[in-house]
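**Q** Below: sequence and its predicted model.
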Amino acid sequence: MDFIILKHGYNIFEIIYLVLFERDRFDFSTMFLHHVCNLMLVYSAYSINMFKLAGPIMAVHDVTDIFVSLMKVVYELCSFFYQIISYITMLISFIYYRIIVLPFFILKQLYDRYEETN
């Protein structure tokens with residue numbers, strides 16, 4: 001439950017930061033919509049007590065966000081070689097966590113637990 005509350009606070013911070021400091025971004029409307037939708041998903045998971053389902057899903061998405069943020073830093077500070085390395089690392093983590101781990105491990109286990117109870 002604490003993870004969902006922490007995630008909710010982080011999403012609120014991201015919206016405020018986006019509105020106050022990043023209004024001139026070319027993808028402002030897309031990012032604003034992304035953060036609002038994410039905020040609504042986290043709030044609805046909290047309000048209907050879906051901690052066991054929402055927690056692992058949010059954790060998997062947060063792991064890949066680490067590599068996306070790292071790629072952004074490397075893009076601004078490092079040479080082209082390191083940019084390519086960070087992009088490949090981000091791509092591998094995205095494919096592994098969101099396309100393999102999420103459906104085949106986490107969602108499968110949650111579905112199996114649901115089947116056992118019914």
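**A** Received the coordinates, thanks. Residues are numbered from 1 along each chain as shown.
**Q** And the lengthiest helix in the chain, what does it pack against?
**A** Using DSSP state H, we find that the single longest helix of the chain is helix 51-77. Contact partners of helix 51-77 among helices and strands, from 3 or more CB pairs under 8 Å, 6 or more residues apart in numbering; DSSP states H and E: helix 2-21, helix 28-47, helix 80-94, helix 108-117. For the C-beta atoms, the positions are set from N, CA and C on the backbone; glycine is no exception.
**Q** Now do that helix against helix 28-47: the angle between them, please.
**A** Per axes from the mean of the first three to the mean of the last three CA atoms, to 10 degrees, the angle that helix 51-77 makes with helix 28-47 is 150 degrees.
**Q** Report the mean confidence score over helix 51-77.
**A** For helix 51-77, mean pLDDT is 88.
**Q** how about low-confidence regions in this protein?
**A** Applying pLDDT under 70 to the chain flags the ranges 1.
**Q** Report the central residue of it.
**A** What sits nearest the mean C-alpha location of the chain, by CA atoms, centre = their mean, is H61, with 3.6 Å.
**Q** thought that residue was touching R98?
**A** Yes: the criterion here is CB atoms under 8 Å, and H61 meets it with R98 at 7.2 Å.
**Q** Can you lay out the helices and strands packed on helix 51-77 as CSV showing mean neighbour count and distance to V73?
**A** Shown next, in CSV, are these (neighbours: other CB atoms under 10 Å; distance: least, CB to CB, whole Å):
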stretch, mean neighbour count, distance to V73
helix 2-21, 14, 16
helix 28-47, 14, 18
helix 80-94, 14, 8
helix 108-117, 10, 33
